[in-house]
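# this one's structure only:
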């Protein structure tokens, strides 16, 4: 089913029809998967690796990096995860 068909079905059922998003673990991380989701109109949030449970305070308080210029699908998703 296309993402537009999915939204239409959600609207008919009275469910929210906002942006579609997918949160996936790092087993799904690949450029191909990211590009496929984006082509379907789904914003991917896929883990790119493991994080330690208790990062240092300085690391947690660091402002997010600037968005990359002309990012590919993978770079754009990684930036969304850092915000």
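Nice, thanks for sending it over. Because the structure is a prediction, the values reported are computed rather than measured. Numbering: from 1, shown residues only.
# Show me the strands in the chain, by range?
20-24, 42-46 (DSSP state E).
# Now do the buried residues in the last one.
What that stands for is strand 42-46. For strand 42-46, burial by neighbour count (16 or more other CB atoms under 10 Å) applies to 42, 44, 46. Just so you know, the C-beta spots here come from the backbone N, C-alpha and C atoms, and that holds for glycine as well.
# any idea which residue sits dead centre in this protein?
With distances taken as CA atoms, centre = their mean, the chain has residue 45 as the residue nearest its mean C-alpha position (2.3 Å).
# Who is that residue paired with across the strands?
Per DSSP bridges, the residues bridged to residue 45 are residue 23.
# Is it in contact with residue 77, as I believe?
Yes - if you go by CB atoms under 8 Å, residue 45 and residue 77 touch, sitting 7.1 Å apart.
# Now the common contact residues for these two.
Both residue 45 and residue 77 lack any common contact, where contact means CB atoms under 8 Å, 6 or more residues apart in numbering.
# quick one: contacts for the closest residue to residue 81 other than its chain neighbours?
With sequence-adjacent residues excluded and distances taken as CB to CB, 6 or more residues apart in numbering, residue 81 is closest to residue 45, at 6.4 Å. Counting by CB under 8 Å, 6+ apart, residue 45 makes contact with 21-24, 77, 80-81.
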